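# after the sequence you'll find the predicted model.
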Amino acid sequence: MKIGILMTGHAVPELQERAGDYDAMFARLLAGRGFEFETYNVVDEQYPSAPDACDGWLITGSKHGAYEDHPWIPPLEEFIRAVYASGRPMIGVCFGHQIIAQALGGKVIKYPGGWSVGRTEYDLDGETFALNAWHQDQVTEVPQGAEVIGKSDFCAHAALVYDDRILTIQPHPEFGPDIVEDLIRLRGKGVVPDELLEGATARLDAPTDAARFADRMAAFFKKGA
């Protein structure tokens with residue numbers, strides 16, 4: 001099954017040198033589950049030809065806000081709506097979660113409550129999933145027809161499904177503790193409050209459920225295949 005990865009940002013250069021860009025992180029997360037991948041750098045205005053160019057679609061995280069004025073965002077939103085209409089499966093993570101909600105009628109804001117970083121526990125369909133977060137923006141208004149299936153104490157709309165065609169999640173299953181540690185060092189200082197960075201650092205050794213969520217992603221992609 002061929003998954004098109006829609007890159008909406010790039011990892012910082014120092015992180016790319018060690019761990020690759022965001023597409024490489026997702027390829028590792030989903031390795032061994034029967035997928036091949038093709039990357040489209042939509043942040044650089046490289047778009048797929050049509051929803052049927054791949055069997056399924058995955059939208060990555062980004063340093064950008066869904067509400068910001070960038071030339072690549074309106075075409076991405078149009079493509080999201082086209083994929084939704086086509087019925088092909090799509091998964092969005094962090095910025096992907098947010099831009100899908102915005103494209104389908106929801107609202108995304110820079111959350112006044114601040115940041116969520118590091119290992120965080122989520123209630124997902126009645127099960128606890130621990131995943132790594134790195135975000136300030138949140139979906140505050142859910143699109144009509146979307147169902148909230150995941151939340152945390154900090155994020156009320158942490159995971160959504162849209163008619164079993166789209167699955168989105170706010171945290172980063174593709175971020176292992178090594179990536180979070182790098183983000184704390186390379187991107188967190190002076191941006192994220194020190195006490196949050198210290199708390200995230202203290203939780204680096206705690207296990208997450210990234211592999212379990214990767215299984216869920218794979219099942220979601222494959223159920224219509």
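Good, I have the coordinates.
# surely T120 is in contact with P171?
Yes. Between T120 and P171 there is a contact at 6.2 Å, judged by C-beta atoms under 8 Å. No exception for glycine: its C-beta is placed from N, CA and C like everyone else's.
# give me the common contacts of the two.
131-133 (C-beta atoms under 8 Å, 6 or more residues apart in numbering).
# and the helix or strand where E17 lies, what's buried?
Secondary structure assignment for E17, by DSSP states H and E: helix 13-19. Residues of helix 13-19 classed as buried: 15, 19 (neighbour count, 16 or more other C-beta atoms under 10 Å).
# what packs against it?
Packing partners of helix 13-19 (3 or more C-beta pairs under 8 Å, 6 or more residues apart in numbering; DSSP states H and E): helix 177-183.
# what comes up buried for the helix it packs on?
177, 179-183.
# after that helix, which helix or strand is next?
helix 194-202.
# what is the neighbour count of S86?
Around S86 sit 14 other residues, with neighbours defined as other C-beta atoms under 10 Å.
# wait, it sits on C54?
No. Contact between S86 and C54 fails when scored by C-beta under 8 Å: they sit 10.9 Å apart.
# now the residue nearest in space to the middle of the chain: how far from P193?
Centroid-nearest residue in the chain, with C-alpha atoms, centre = their mean: V93, separated by 1.2 Å. To P193, V93 is 24 Å away according to C-beta to C-beta, to the nearest Å.
# same question, A101
From A101 across to P193, the span is 26 Å (C-beta to C-beta).
# tell me which of those two has more neighbours.
Ranked by neighbour count (other C-beta under 10 Å), A101 and P193 place A101 first, with 27 against 13.
# which stretches in this structure count as helices?
For the chain, the helices defined by DSSP state H cover 13-19, 22-29, 73-86, 95-103, 177-183, 194-202, 210-222.
# out of the ones you listed, flag the one nearest A50.
Of all the helices of the chain, helix 73-86 sits nearest to A50, with 7.5 Å by C-beta to C-beta.
# which other helices and strands does the closest one contact?
strand 56-59, strand 90-93, helix 95-103.
# run a quick neighbour tally on the residue lying closest to N132 once chain neighbours are set aside.
Excluding its sequence neighbours, the residue lying closest to N132 (C-beta to C-beta, 6 or more residues apart in numbering) is F175, at 4.3 Å. By the measure other C-beta under 10 Å, the count of residues near F175 is 27.
# show me the contacts for F175.
25, 132, 134, 183, 210.
# also Q102?
With C-beta under 8 Å, 6+ apart, Q102 has these contacts: 66-67, 77, 108.
# from those, which is closest to D125?
For these, the nearest to D125 is V108 (22.9 Å; C-beta to C-beta).
# buried ones in stretch 120-132?
Within stretch 120-132, the residues scored as buried using 16+ other C-beta under 10 Å are 120, 122, 124, 129-132.
# dump it to PDB, restricted to CA.
What follows is stretch 120-132, C-alpha atoms only, in PDB (Å, rounded to 0.1, in the frame of the first residue of the first chain):
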ATOM      1  CA  THR A 120       1.600  13.000  27.900                       C
ATOM      2  CA  GLU A 121      -1.200  10.600  28.700                       C
ATOM      3  CA  TYR A 122      -4.300  10.600  26.500                       C
ATOM      4  CA  ASP A 123      -7.700   8.900  26.900                       C
ATOM      5  CA  LEU A 124      -8.200   7.400  23.400                       C
ATOM      6  CA  ASP A 125     -11.500   5.500  23.000                       C
ATOM      7  CA  GLY A 126     -11.400   4.700  26.700                       C
ATOM      8  CA  GLU A 127      -7.800   3.400  26.600                       C
ATOM      9  CA  THR A 128      -4.800   5.300  27.900                       C
ATOM     10  CA  PHE A 129      -2.100   6.100  25.400                       C
ATOM     11  CA  ALA A 130       1.200   7.800  26.400                       C
ATOM     12  CA  LEU A 131       2.600   9.800  23.500                       C
ATOM     13  CA  ASN A 132       5.000  12.600  23.100                       C
END
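# this completes my enquiry, with thanks.
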